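Undergrad: Here's my sequence, what's the structure:
(chains A, B, C and D, ligands or ions: 2)
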Amino acid sequence: MPVQVDRNRPIADTRIFTGEESRRGYRINKFAMSLARAENRDAFAADEEAYMAGWDLSADEKEAIRDRDWRRIMDELGGNIYMIIKIGTVTGHGLYQIGAHQRGETYEEFLATRNASGAR
Amino acid sequence: MPVQVDRNRPIADTRIFTGEESRRGYRINKFAMSLARAENRDAFAADEEAYMAGWDLSADEKEAIRDRDWRRIMDELGGNIYMIIKIGTVTGHGLYQIGAHQRGETYEEFLATRNASGAR
Amino acid sequence: MASVVAGIGTSHVPSIGVAYDQGRTQEPAWKPLFDAYEPVKAWLRDEIRPDIAIVVYNDHGSSFFFDKYPTFAIGAADLYPVGDEGWGRRPLPDFPGDAAFSWHLTESLVYDEFDMTVCQELAVEHGFMVPMHLCFGHDPGWPVKTVPLAVNVIQHPLPTAARCWKLGRAIRRAVESYPGDERVAVLGTGGMSHQLNGARFGHLNPDWDNSWLDRIESDPAALVALTHQDIMEAAGAEAVELIMWLVMRGALSETVGRAHRNYYAPMTTGMGLIALEDGA
Amino acid sequence: MASVVAGIGTSHVPSIGVAYDQGRTQEPAWKPLFDAYEPVKAWLRDEIRPDIAIVVYNDHGSSFFFDKYPTFAIGAADLYPVGDEGWGRRPLPDFPGDAAFSWHLTESLVYDEFDMTVCQELAVEHGFMVPMHLCFGHDPGWPVKTVPLAVNVIQHPLPTAARCWKLGRAIRRAVESYPGDERVAVLGTGGMSHQLNGARFGHLNPDWDNSWLDRIESDPAALVALTHQDIMEAAGAEAVELIMWLVMRGALSETVGRAHRNYYAPMTTGMGLIALEDGA
Ligand SMILES: [Fe+3]
Ligand SMILES: [Fe+3]
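TA: Ligands and ions are numbered 1, 2, ... in the order given. I've put the predicted structure just below:
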């Protein structure tokens, strides 16, 4: 069988969301998934610390959420973008802001790289 | 492909839990599944009517639960035994009582048909 | 017998839904995308006239989480509510299903050795909804019944491209064994090139996307041979969603007639469209 | 490489668990059942010495409901808690998993075209637990790591007997491609003859059950050819659980050595047991 995900051929600046990543990110992704419910979004928006305390999150994970450190959440803590975007939505960070942060750019710098950034 | 469930070859006194049955029984089975949680069992035991009112159940379904009419629940209302047994547990009706009722026998009559009814 | 009459490959980018809800479809940056779907809508309504749309999509953390994530899940309900994936309920009508048809598909697929997760309650999200409102009107209601078919394209191991193709073949067999005369369209959604993680965020590959559009029409075997690694290297980690187009193409006849095609890549995702008529 | 060293077919009747928890294993009506497992426990502990048990079972409304019911689900966690299926938590320790091994299995199975639902949180219930405490001691903890593998045997369409057999073959390939030296036992659970619905409640067929025990050892192909209809007609609607034994048998070598066998049918279910050594 051809190898579907070749661990000997890493893709630069890319993380493949495999089982290893899903295990690593399980806690923070589960926390993020909770924000698919409006009452949880309201609770988080009202008191971030109190809401986070109700979930199984490490000190590092809480810190990264507090810091809106999307790059760390994604690169280091196993975040899955489809879950993490729910934290972004509540805290006013859209997909493109999260993306710019992962690229190490400002939002404006990132937009300038796009073909028609009005389509956002 | 050989036919796995032959609708032209019904088995006497037997209901096969197919999609049709699962659709028919969806409401009552979902209600029963709720009793896999201790707090729901407590709520049902404390006030059956009030607890049932919180679920999407038809008048027939509520009546059959009220009447402990296991045969009707199973034969007519699409009950799945693995879900319905949870209603039995809360109301003091074990699997063998539910089975005797489906057979149209008393519990004692049913036990008398078994090889070693001490193994219950 | 029921029959597969058409297949559509289309992106399902969530920002399309936002622009749609905000009435921004005629803004200069959005117009090339939305205008391309108008002839497809008319073609579906006036020529293809499907009764049922099987929508092959992926759940992005709406009805499924990694506690229990299915490889293939199929809806078997009479209604699929609009879900909430983190930004509230969109102003769209809920989606009608056809439980009897879905259960027939499910029986055929499971006996054909596809290990489906069967969903009698399933809220749908952008992966499913964006293609629906791009391809169909919904006033006063949706003109087709739907079958959501969710594929894991977000947590590896994903089903292989070959497996997705075979699922499409099996869907065709399932449709053709249904005793009604329903006309069925299959929508394969997702992609095209994009990447949402790492410093490679925003990777686009329009040449590769256009080659995919060529091959999905006339040389799908070349796409079936791709590994996830191949797709991700060329087109970004999230471009693997495109394997869902192979379910659609596998459900069609070997030769197809292309009715419409479009490509637009304004921001971070190649937004592709191809509309194929079966047996033409 | 890791290897499959043994397979066990065993009933998982919930009343066995109740009798066990109540310390009634030496009552006359229960003794023939429990005593038969003592040599199996010793054989596993002293001769087979497995590191991992893959337990093929079905969920009876504990972790899954008909809102989203999977055909095949696999655990991929380091711990599987004791669940509550309607009568509270049983006094057993939670079950250790081996997430790395499970993810390896999952990758191999999915790429081998088995469409698993992958579970990083999964509470287990009688279908899984009864075989575990019949076959293993648990003081102070379980002596093996576990992989729960749940099969839909309660809501038709079920996977065919042939599909279950093929899953067993694929499990063997998956185990043998694992770089460790783990010794793996596969438990196929459920059955034997029983029916829990309709006026046929309590149907038993000991002759057929004993013939199954013969054939699972030396002629499994005959069982793989059975339809669900065949099994239900002969042995009761709920006897279809026995297809899970074919996953176990498919994971073993063609010839096996039988270490133990038992049959007892006191109430409403044929309680069968067979213990097979791989390649013997
Ligand atoms: Fe997507
Ligand atoms: Fe069982």
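
Undergrad: For residue C:89, which residues are in contact?
TA: Residue C:89 sits next to C:82, C:83 when contact means C-beta atoms under 8 Å, 6 or more residues apart in numbering or on different chains. For every residue, glycine as well, the C-beta is placed using N, CA and C.

Undergrad: ok, residue A:29 - contacts?
TA: A:22, A:78, A:79, A:80, A:83, A:84, C:65, C:66.

Undergrad: Return the subset of these lying in helices.
TA: With helices defined by DSSP state H, the entries of the contacts of residue A:29 inside them are A:22, A:83, A:84.

Undergrad: wait, which of these is closest to chain B?
TA: residue A:83 (25.7 Å; C-beta to the nearest C-beta).

Undergrad: And for the closest one, the neighbour number?
TA: 26 (other C-beta atoms under 10 Å in any protein chain shown).

Undergrad: thinking it is in contact with residue A:27, fair?
TA: No. Using C-beta atoms under 8 Å, residue A:83 is not in contact with residue A:27; the gap is 11.0 Å.

Undergrad: so is residue 7 in a helix, a strand, or just coil?
TA: Looking at chain A here, since you left the chain open. coil (DSSP: H, G, I helix; E, B strand; the rest coil).

Undergrad: look at chain C instead
TA: Per three-state DSSP, the secondary structure class of residue C:7 is strand.

Undergrad: picking that back up, now render the ones in helices among the contacts of residue A:29 as a markdown table, adding pLDDT.
TA: Formatted as a markdown table, these follow (pLDDT from 0 to 100):
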| residue | pLDDT |
| --- | --- |
| A:22 | 98 |
| A:83 | 98 |
| A:84 | 98 |
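
Undergrad: center of chain A, which residue is that?
TA: residue A:84 (3.4 Å; C-alpha atoms, centre = their mean).

Undergrad: Can you name the residues that contact it?
TA: Here residue A:84 is in contact with A:28, A:29, A:32, A:70, A:73, A:74, A:98 (C-beta under 8 Å, 6+ apart).

Undergrad: quick one: which helix or strand includes the third one?
TA: This points to residue A:32. Using DSSP states H and E, residue A:32 maps to helix A:26-33.

Undergrad: what's the distance between the residue of chain C found nearest chain A and residue C:12?
TA: Nearest to chain A in chain C, going by C-beta to the nearest C-beta, is residue C:29, at a distance of 2.9 Å. Here residue C:29 is placed at a distance of 18 Å from residue C:12 (C-beta to C-beta, to the nearest Å).

Undergrad: next one: residue C:255
TA: For residue C:255 relative to residue C:12 (C-beta to C-beta), the value is 27 Å.

Undergrad: okay, those two: which has more neighbours?
TA: residue C:12 (28 against 11).

Undergrad: In chain A, what residue lies closest to chain C?
TA: Closest contact between chain A and chain C, by C-beta to the nearest C-beta, is at residue A:118 (2.9 Å).

Undergrad: got the residues of chain A near chain D?
TA: Residues of chain A lying near chain D by C-beta under 8 Å from any C-beta of the partner chain: A:1, A:4, A:18, A:19, A:20, A:22, A:23, A:26.

Undergrad: Run through the helices of chain A in chain order.
TA: A:19-24, A:26-33, A:38-46, A:48-53, A:59-66, A:70-75, A:81-91, A:95-103, A:107-112.

Undergrad: can you redo those as CSV with distance to residue C:131?
TA: Listed next are those as CSV, based on distance: least, C-beta to C-beta, whole Å:
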stretch, distance to residue C:131
helix A:19-24, 27
helix A:26-33, 23
helix A:38-46, 25
helix A:48-53, 34
helix A:59-66, 33
helix A:70-75, 27
helix A:81-91, 17
helix A:95-103, 19
helix A:107-112, 27
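
Undergrad: Would you mind telling me which of those is nearest residue C:56?
TA: Proximity to residue C:56 (C-beta to C-beta) singles out helix A:81-91 among the helices of chain A, at 17.4 Å.

Undergrad: Please save the CA atoms from that closest one in CSV.
TA: Below are the C-alpha coordinates for helix A:81-91, written out as CSV (Å, rounded to 0.1, in the frame of the first residue of the first chain):
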residue,chain,number,x,y,z
ILE,A,81,-8.0,24.8,13.4
TYR,A,82,-11.6,23.8,13.2
MET,A,83,-11.9,23.7,16.9
ILE,A,84,-9.6,26.6,17.8
ILE,A,85,-11.5,28.9,15.4
LYS,A,86,-14.3,28.7,18.0
ILE,A,87,-12.1,30.3,20.6
GLY,A,88,-11.2,32.9,18.0
THR,A,89,-14.8,33.7,17.3
VAL,A,90,-15.6,34.4,20.9
THR,A,91,-12.5,36.6,21.4
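
Undergrad: Report the angle between that helix and helix A:95-103.
TA: Helix A:81-91 runs at 110 degrees relative to helix A:95-103, counting by axes from the mean of the first three to the mean of the last three C-alpha atoms, to 10 degrees.

Undergrad: Give me the buried stretch members for helix A:81-91, please.
TA: Buried residues in helix A:81-91, counting neighbours by 16 or more other C-beta atoms under 10 Å in any protein chain shown, are found at A:81, A:82, A:83, A:84, A:85, A:86, A:87, A:88, A:89, A:90.

Undergrad: what's the distance between the residue of chain C found nearest chain B and residue D:155?
TA: The minimum distance from chain C to chain B, using C-beta to the nearest C-beta, falls at residue C:103 (3.6 Å). Look at residue C:103 and residue D:155: by C-beta to C-beta, they are 10 Å apart.

Undergrad: likewise residue C:273?
TA: From residue C:273 to residue D:155 the distance is 37 Å (C-beta to C-beta).

Undergrad: Repeat that for residue C:254.
TA: 36 Å.

Undergrad: Excluding chain neighbours, what is closest to residue C:17?
TA: residue C:130 (4.9 Å; C-beta to C-beta, 6 or more residues apart in numbering or on different chains).

Undergrad: Where does residue C:257 fall, secondary structure wise?
TA: strand C:256-264.

Undergrad: Any buried residues in that strand, and which?
TA: By neighbour count on 16+ other C-beta under 10 Å, the buried set for strand C:256-264 is C:256, C:259, C:260, C:261, C:262, C:263, C:264.
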